[in-house]
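Q: Could you look at this predicted model? Sequence included:
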Number of protein chains: 2
Amino acid sequence: MRVIRASAPGKIILFGEHFVVKGKPAIAVALSPRIHVLVREWDNDKLMVMSRDTGYRIVFEPDSLEVIESNGELLQLKKILEELKNKKTIKPAYIEITSEIPVAAGLGSSASLAVAFTAAYSKYIGLELSREEISRIAFEAEKIVHGKPSGIDNTIATFGGAILYEKGSFTRLRVGEIKDYFIIADTGVPRSTRKAVLQVLNLYEKYPEVLKHVYNAAEKIVREAEKALERADTVKIGELMNINHGLLSAIGVSGLELEQLVHIARRSGALGSKITGAGIGGSIIALASRDKVDRVYDALRRHAKRLIKASIDWEGVRIEEK
Amino acid sequence: MRVIRASAPGKIILFGEHFVVKGKPAIAVALSPRIHVLVREWDNDKLMVMSRDTGYRIVFEPDSLEVIESNGELLQLKKILEELKNKKTIKPAYIEITSEIPVAAGLGSSASLAVAFTAAYSKYIGLELSREEISRIAFEAEKIVHGKPSGIDNTIATFGGAILYEKGSFTRLRVGEIKDYFIIADTGVPRSTRKAVLQVLNLYEKYPEVLKHVYNAAEKIVREAEKALERADTVKIGELMNINHGLLSAIGVSGLELEQLVHIARRSGALGSKITGAGIGGSIIALASRDKVDRVYDALRRHAKRLIKASIDWEGVRIEEK
C-alpha cells in the first residue's frame, strides 16, 4: 500500500499586521509546529479525509467530487481536488490530518493544511508540482476559508523562512541563524479579525492625520526588522516587537488579557513581546533567548489558555513517500 | 489675628508627556484637588511652616531667612521667601499646609504648593502680586525641587484651565464646558521621571527613523485634542487619550500594572485612559462621563493603590482673607 506523507509549518505575523491593510509592509515567519497529511491507498472507491484532532470528516466521490458526507468542515479541500482534477485523475484514498497547530490562533493553520494536503495528494496521484504551484492551489483553498486572504499564509507554509509582504507581492527574506525561541500565548479571548480590521479602519477615518504617522512608524519598524533578521540580532528584533506592540495598542486592538501576557513575558525576561494577529482577543508572541525561554514559558503558563514554544522553520512544505 | 488662606489646583499632563522632550507640544489641565496654605499671625518671632499631612516642618529666622529647624523637606520655600524679601519685609507667621493632592503622583503637588504659598504669604506681608509674578516665583521654587522644570506645573496651578506647552512657551487653551470626570489611579509602583526620560531618549537614539513618526503622531494628537477640548467633545478626548497611551507603550514606558489599570478603566466604561506622567510606574488617568464615573471608580478601586476623582479646575490660584 502506498503511503505519502506531507507536512507544512505554521506561520506568525511578526511585524506589520493591521498596517498592511493600508499598504504598509509586513513580515511573516514560518514556525516549527506543523500540520501533517497522510495519504494511503485503501480498498474503497471513495476519497475520505479525516482530522484526528477535531474528528472532522469529509467523504468525496472521486469522479464527480461530490461531497457524500460532511459535517460542514474541511470543505476547502474540495477546491484543491478540483484544481488537481484539471491535471490528473482523482483516485480513492484514505487521508488523515494531524496537527501541531491550534486552529483560529492566527497561526495560519488553514493554509498549512491546504499546502500539506495539496503536496501529499498531488504526489499520491502522480503529479509533480512545483512549490509555486502548491502555494497557488493552497491560495485557492484559502479563498474559500478567508474570503480575501493576503496570500501570506500559503506562501510561508510552502517556502518556510521569513517573507516580506508588501502591496500584494512577496520577497523571501534572508534570515541569520536565530537560535532563540518564540512563544505564542493565547489569551483564550475570542477574536474576530473582521471586527478588528473594521474598527481600526474606522479609527483611521476619524483621525487620519494622527494615524498616518503611526502607520509610517510601523513601516519603519519593518525596515529595521529586515536588517535585524538578516543579522540575527534578536535584541533588536525584541525591541522592535515592543515598539510595534505599542502601535497596535495605539490603533485600539489591545486589551487587558493581551497586555497581561505581553508584560508578563517581558518581565520574566523575554527579549520582546507583542500582540500577533488581529488583536482585541487572540494571542501574543514573545521572543526569548535559549537561556530564558523556560522562565518565560513558566511565567506565561499561569495566565495563558494555551502556549506554544516554537522556532523558525526553514524548510517549508516537506513530502515523504514510504 | 490676620489669617490669609490661598490654594492652588493640581495638574495633570493630558497629552504629550515624553514627546515634549523633543520639542513636541503637550496639554496640561488643572484639576480640582488643591493644596491649601493658611498664614496666621502669631506671638513668636519665627516663621514656621508645617504640613498637616506629612508632619514636615521648617522654621525660618525672618530677617536672615536662616533655616533654624528642618527635617530636610520644604526647603524650596526658602527660595520663595528670598524672592519676596527683595520686595518686602519678611514677617513672622505660622503657616499650615493641607493638601488634597498626593505627592510624587505626577499631579504637580510641589508647584501647587509653591503657588499657594507664594500667593498666601505675599498677601500676608502686604504685597499685591500679579498672577504672572506668582507663577514666576513658584517657578524659581520648582527649580529647587526638579532641577529643570518645564514651567507647566506652576503655570497651570496659577491660571487653572488648560494650557498648551510648546517649545518653552505657553498658550492658555479655550476649553468647552466639560462636565465629565477624570480619575487618577496610582499603581503604587515607584516611578523615576529621570530614568524614564533617559530610557526613552536611548530608544530614540537607537531607532530615530521609527520614533520620529511616533513623535509626529503624538504632535497630531495634541492638535486634535485642542479642537476636542474647545468643543468639549469628551468622546474624542477619550479616543485621543487611548491613542496617546499606545504611543507611550511604543516608546517603552508602560508596564503590567499600568496596563491593568488602563484596560480596567476602559472595560468598565471610561471614555479613554492612559498613562499620565513619566510612566513605567506611577499613575494612569481615565476620563469618565458622569453616569459612568462611579462604575469606573469602583472597578479601579480593587487594583489601584490610590484613587482621585477630579474635575477640571477653571480658577487657578485663589486667595481669601479672613
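A: Right, received. Where do you want to start? Residues are numbered from 1 along each chain as shown, chains lettered A, B, ... in the order given.
Q: ok and the helix ranked longest in chain A relative to helix B:208-230, angle-wise?
A: Secondary structure of chain A per DSSP state H: the longest helix is helix A:208-230. Using axes from the mean of the first three to the mean of the last three Cα atoms, to 10 degrees, the inter-axis angle of helix A:208-230 relative to helix B:208-230 is 160 degrees.
Q: Is helix A:208-230 in proximity to chain B?
A: Yes. Among the residues of helix A:208-230, A:Glu209, A:Val210, A:Leu211, A:Lys212, A:His213, A:Val214, A:Asn216, A:Ala217, A:Lys220, A:Ile221, A:Arg223, A:Glu224 lie within reach of chain B under Cβ under 8 Å from any Cβ of the partner chain. Yep, even glycine has a C-beta here, placed from its N, CA and C like the rest.
Q: Could you give me the buried positions within that helix?
A: For helix A:208-230, burial by neighbour count (16 or more other Cβ atoms under 10 Å in any protein chain shown) applies to A:210-222, A:224-226, A:228-229.
Q: so where's chain A uncertain?
A: Scanning chain A for pLDDT under 70 picks out the ranges A:104-105.
Q: domains in it, as residue ranges please.
A: The record's domain split for chain A, according to automatic domain parsing, is A:3-174, A:181-310.
Q: Just give me the residue closest to the centre of chain A.
A: Most central in chain A under Cα atoms, centre = their mean is A:Gly108, positioned 2.5 Å from the mean C-alpha point.
Q: so what's that one closest to, chain neighbours aside?
A: In space, not counting the residues next to it along the chain, A:Gly108 is nearest to A:Asp153; the distance is 3.7 Å by Cβ to Cβ, 6 or more residues apart in numbering or on different chains.
Q: just checking, next helix/strand downstream of the host helix or strand of that neighbour?
A: Following DSSP states H and E, one finds A:Asp153 within helix A:152-159. Downstream of helix A:152-159, the next assigned helix or strand under DSSP H and E is strand A:162-166.
Q: what pairs with that next one, and is each one parallel or antiparallel?
A: strand A:26-40 (antiparallel), strand A:169-173 (antiparallel) (DSSP bridges).
Q: List the contacts of the shortest one.
A: Okay, so that is strand A:169-173. Applying Cβ atoms under 8 Å, 6 or more residues apart in numbering or on different chains, the external contacts of strand A:169-173 come out as A:Ile27, A:Gly151, A:Ile152, A:Thr155, A:Phe159, A:Gly161, A:Ala162, A:Ile163, A:Leu164, A:Glu226, A:Leu229, A:Glu230.
Q: Beta-bridge partners for the closest residue to A:Ser99 other than its chain neighbours, please?
A: Excluding the flanking residues, the one nearest A:Ser99 by Cβ to Cβ, 6+ apart is A:Ile35, at 4.6 Å. Under the criterion DSSP bridges, A:Ile35 forms beta bridges with A:Ala8, A:Ser99.
Q: Quick check: A:Ile35 touching A:Pro102?
A: No. Distance between A:Ile35 and A:Pro102: 10.7 Å, which falls outside the contact criterion (Cβ atoms under 8 Å).
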